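S.K.: Sequence unavailable; structure follows:
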């Protein structure tokens with residue numbers, strides 16, 4: 001869900017989303033995929049392929065990590081408090 005996405009972005013960790021709750025979480029998929037810091041894949045083999053891609057391509061991992069960090073707002077709670 002959105003909490004996991006926020007945590008991953010704050011740490012610069014690319015995501016592999018495998019499902020979402022219809023309605024409230026549907027927007028998470030395009031946010032992550034179009035943002036360039038994650039994949040959406042339902043099948044176990046597809047998920048493994050996504051992870052393998054990142055492990056075998058350090059440049060892709062670094063690129064997606066950078067995009068995740070750019071999307072992250074680790075101090076957001078302090079701004080709204």
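M.R.: Structure received. Nothing here was measured: the structure is a model prediction, and the numbers come from that model.
S.K.: and residue 38, bridged to which residues?
M.R.: The residues listed as beta-bridge partners of residue 38 by DSSP bridges are residue 15.
S.K.: All the strands of the chain, in order from the start?
M.R.: If DSSP state E is used as the criterion, the strands of the chain fall at 15-17, 38-40.
S.K.: In JSON lines: the ones you listed, plus distance to residue 67.
M.R.: Quick note: C-beta positions are derived from backbone N, CA and C, even for glycine. Below are the strands of the chain laid out as JSON lines (distance: least, CB to CB, whole Å):
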{"stretch": "strand 15-17", "distance to residue 67": "11"}
{"stretch": "strand 38-40", "distance to residue 67": "9"}
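S.K.: Turn these into JSON lines, columns for mean pLDDT, mean neighbour count and distance to residue 28.
M.R.: Supplementary listing: those in JSON lines, determined by pLDDT from 0 to 100; neighbours: other CB atoms under 10 Å; distance: least, CB to CB, whole Å:
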{"stretch": "strand 15-17", "mean pLDDT": "97", "mean neighbour count": "20", "distance to residue 28": "7"}
{"stretch": "strand 38-40", "mean pLDDT": "97", "mean neighbour count": "21", "distance to residue 28": "9"}
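S.K.: pLDDT wise, what is residue 14 at?
M.R.: Residue 14 is assigned a pLDDT of 97 by the prediction.
S.K.: Can you check which of the strands of the chain gets nearest to residue 75?
M.R.: With respect to residue 75, and counting by CB to CB, the nearest of these is strand 15-17 at 20.3 Å.
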